[in-house]
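> I'd like to go over a predicted model; first the sequence, then the structure.
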Amino acid sequence: MIMNEPLAFAGLRGTLARGASLARHTSWRAGGPADVLYAPADRDDLAGFLRQLPTSEAVTVIGLGSNVLVRDGGVRGVVVLMHDPGAALAVADGLVYAEAGLATPKLARFAAMHDCADAEFLAGIPGTVGGALAMNAGCYGGETWDYVVRVETLSRDGRFDVRERSAYSIGYRSVRNADGSPPTEIFTAAWFRFPQGDAVAARMRIRSLLAGRIATQPLALPNAGSVFRNPPGDHAARLIEACGLKGHAIGAARVSEKHANFIVNPERRARAADIEALIVHVRETVRAATGVDLEPEVRIIGEAGERR
Ligand SMILES: Cc1cc2nc3c(=O)[nH]c(=O)nc-3n(C[C@H](O)[C@H](O)[C@H](O)COP(=O)(O)OP(=O)(O)OC[C@H]3O[C@@H](n4cnc5c(N)ncnc54)[C@H](O)[C@@H]3O)c2cc1C
């Protein structure tokens, strides 16, 4: 296990740490540590790291941690932090190129500035481009993969590849390989094609979209966005509210009063176990009352127990 071995890597330019808390790398501000945490300097550095890492070691990637719950026992093996404030962003041949570590709101503003339409929805999604690709993140009728032309991927053994959109099967918050298997590669970059628009109109749309979010979502408190996927033809928030669950708390985790499909960690002292127990409670209550089985949208990773 990597936890007990000397960390000997040649030529790395990123930051390597043992037992680092992941709570500060997730928007819920909860959860345990990573055995080993690696923040690569860039794509090539990450490839070099993976080439030297024994293939027996598990690798988990986190972007901005805005859709993950890390259990209190933490994550075994290596966690790679993809968020990179210096990630590349460019326009070439009518396509917008963005590295995976870029925050999606930056992509939205950049696209608007370059007279693109339809990228505005990304301004309201507080993750990375890589996270948006992995989740097929979307809102207000737009979904990430509607605009993807191709992606660059990195395999577990450190090889880059470029894959066309047709290599994937895309659904609501779901991304699979075309053969139905789950993708195992890391997304390192993507090329997007947005329709021609108008910079002023796009900027105004971003502003009104963000105002709408501030009015309806508990953005001042740690949260991970919508906890459950919307069931076909309905809204998870409506069902949760109808069951009287707004404000329901377990430990320091609470169903938001502002938006029933959000769970908040108001005092930043919720354990991941509190949040997970609340997810289970909401799911069971809604199932018993309505017959609808809400499926979590957030991804739960790591081991239960205490290892802060
Ligand atoms: C206030 C708020 C509002 C939100 N609103 C929306 C919304 O409107 N629509 C929506 O869809 N989501 C929404 N979300 C959820 C979240 O922001 C999105 O799912 C986002 O795309 C996750 O990006 P991330 O970088 O934070 O990914 P993370 O949470 O870090 O990771 C999510 C998953 O993606 C994987 N992943 C991350 N990066 C990569 C990569 N480079 N390669 C391969 N896999 C990767 C991770 O392993 C994990 O399984 C919201 C969240 C918050 C906190």
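Arrived safely. Just so we're clear, the structure is a prediction, and the values are computed from it rather than from any experiment.
> show me where the stretch 101-250 of the chain has helices.
Per DSSP state H, counting those that start in this stretch, the stretch 101-250 of the chain carries helices over the ranges 104-113, 129-135, 199-216, 236-242.
> Could you identify which of those is most buried?
Scoring the helices of the stretch 101-250 of the chain by mean neighbour count under mean count of other C-beta atoms under 10 Å gives helix 129-135 as the most buried, with a mean of 27. C-beta here means a position set from N, CA and C on the backbone, and glycine is covered the same way.
> Up against the ligand, what does this protein have?
Neighbours of the ligand within the chain, by C-beta under 6 Å from any ligand atom: 27, 61-68, 82, 100, 124-128, 130-132, 134-135, 137-139, 186-187, 217, 219, 223-225, 299.
> give the contact list for Asp45.
The contact partners of Asp45, by C-beta atoms under 8 Å, 6 or more residues apart in numbering, come to Leu12, Arg13, Gly14.
> Need these in TSV (columns: secondary structure).
Output for the contacts of Asp45, formatted as TSV (DSSP: H, G, I helix; E, B strand; the rest coil):
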residue	secondary structure
Leu12	coil
Arg13	coil
Gly14	coil
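> of those, closest to Asp234?
For the contacts of Asp45, the minimum distance to Asp234 (C-beta to C-beta) is 43.8 Å, reached by Gly14.
> pLDDT wise, what is the closest residue in space to the closest one that isn't next to it in sequence at?
Of all residues not flanking Gly14 in the chain, Pro40 sits nearest, at 4.1 Å (C-beta to C-beta, 6 or more residues apart in numbering). On the pLDDT scale, Pro40 is placed at 98.
> ok, now Ala277?
In this model, Ala277 carries a pLDDT of 98.
> Make TSV from the helices of the stretch 101-250 of the chain and add mean pLDDT to it.
Formatted as TSV, those follow (pLDDT from 0 to 100):
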stretch	mean pLDDT
helix 104-113	98
helix 129-135	98
helix 199-216	97
helix 236-242	98
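> Tell me which of these sits nearest to Pro182.
Of all those, the one in closest proximity to Pro182, counting by C-beta to C-beta, is helix 129-135 (10.1 Å).
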